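> What shape does this take:
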Amino acid sequence: EVQLVESGGGLVQTGGSLRLSCAATGFTFDDYAIGWFRQAPGKEREGVSCTNSGIGTSYFIDSVRGRFTISSDNAKTTVYLQMDSLLPEDTAVYFCAADSWDCTGTDPQAWEFDHWGQGTQVNVSS
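Model prediction:
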């Protein structure tokens, strides 16, 4: 059974940093892509970043590129989303998701994942 557990959310001030973790079990880590999504109150969920550790590729949407980085620890089957220079508009529930296709070459609006975590809240105060 595929399981994804996010952690690391919290409250930070503008300009602060957080590192989100997505601990994955139940599948061959290198064969799956991990995506990060967020959903702010009153807004649709949006894809933020994804990585395919098996082929070493990653993708970021324009609004976070240069501020967010993504990394994988294959031994721990965990993906990290390092979020720096956070802005109030980054406030949202962040979800990680997994599926067995390469998301890094696809428009985030086309990302569809079968497996999801429960989400972790990120609040950035102004």
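
> beta partners of the most centrally placed residue in the chain?
Centroid-nearest residue in the chain: residue 36, 2.3 Å away (criterion: C-alpha atoms, centre = their mean). Beta-bridge partners recorded for residue 36 (DSSP bridges): residue 49, residue 96.

> Lowest mean pLDDT among the helices and strands, pick that one out for this protein.
In the chain, no helix or strand scores lower on mean pLDDT, DSSP states H and E than strand 57-60, which sits at a mean of 93.

> and it, which residues are buried?
Within strand 57-60, the residues scored as buried using 16 or more other C-beta atoms under 10 Å are 58, 59, 60. (C-beta placed from N, C-alpha, C; glycine too.)

> And for stretch 21-39?
Result for stretch 21-39 [16+ other C-beta under 10 Å]: buried residues 21-24, 27, 29, 32-38.

> Roughly how far does residue 88 sit from residue 14?
According to C-beta to C-beta, to the nearest Å, residue 88 stands 6 Å off from residue 14.

> so what's in contact with those two at the same time?
Common contacts of residue 88 and residue 14, defined by C-beta atoms under 8 Å, 6 or more residues apart in numbering, comprise 124, 125, 126.
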